[in-house]
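Participant: what would the 3D arrangement of this be:
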Amino acid sequence: STRRRLRRQMREMGSRRGLLVAFIVLDNPSSSVLDMQSVTFASGKPVFQKYLDTFPFPYYTLVQDINRLPSVISDLLRQWFEITAA
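Facilitator: The predicted structure is shown next:
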């Protein structure tokens, strides 16, 4: 599936030294991605899961207040520098 291929690509990219792939979700609090579900069918019956439980990006952050975006990006970069310097 597309999701499995994307996860594999994210693992491959994550193994490269000095590379960080982070997904920033600009979320709408009134219709949040936190409330979204995905559905699959097992034996003809629907199985519901939280969308983010199967999100293909291992590193992501949700931003519900666009005014916080600069501080979120700076925190992300600071943490990346701390990890790569270790």
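Participant: what's the helix ranked longest in the chain in contact with?
Facilitator: In the chain, with assignment by DSSP state H, the single longest helix is helix 69-85. Residues outside helix 69-85 that contact it (CB atoms under 8 Å, 6 or more residues apart in numbering) are 17, 18, 20, 22, 24, 26, 61, 63. Where you see a C-beta, it was placed from the backbone N, CA and C, and this is true even at glycine.
Participant: what residues are bridge-paired with the last one?
Facilitator: Right, the one you point to is residue 63. Note on residue 63: beta-bridge partners residue 26, judged by DSSP bridges.
Participant: burial count for it?
Facilitator: 15 (other CB atoms under 10 Å).
Participant: from what I can see it touches residue 23, true?
Facilitator: No: taking contacts as CB atoms under 8 Å, residue 63 lies outside contact range of residue 23: 11.0 Å.
Participant: any idea how far residue 56 is from residue 46?
Facilitator: 21 Å (CB to CB, to the nearest Å).
Participant: which one of the two has more residues nearby?
Facilitator: When residue 46 and residue 56 are compared for neighbours, residue 56 comes out ahead with 16 against 9, by other CB under 10 Å.
Participant: in this structure, which residue is most central in space?
Facilitator: For the chain, the residue lying nearest the average C-alpha position, counting by CA atoms, centre = their mean, turns out to be residue 60 (3.4 Å).
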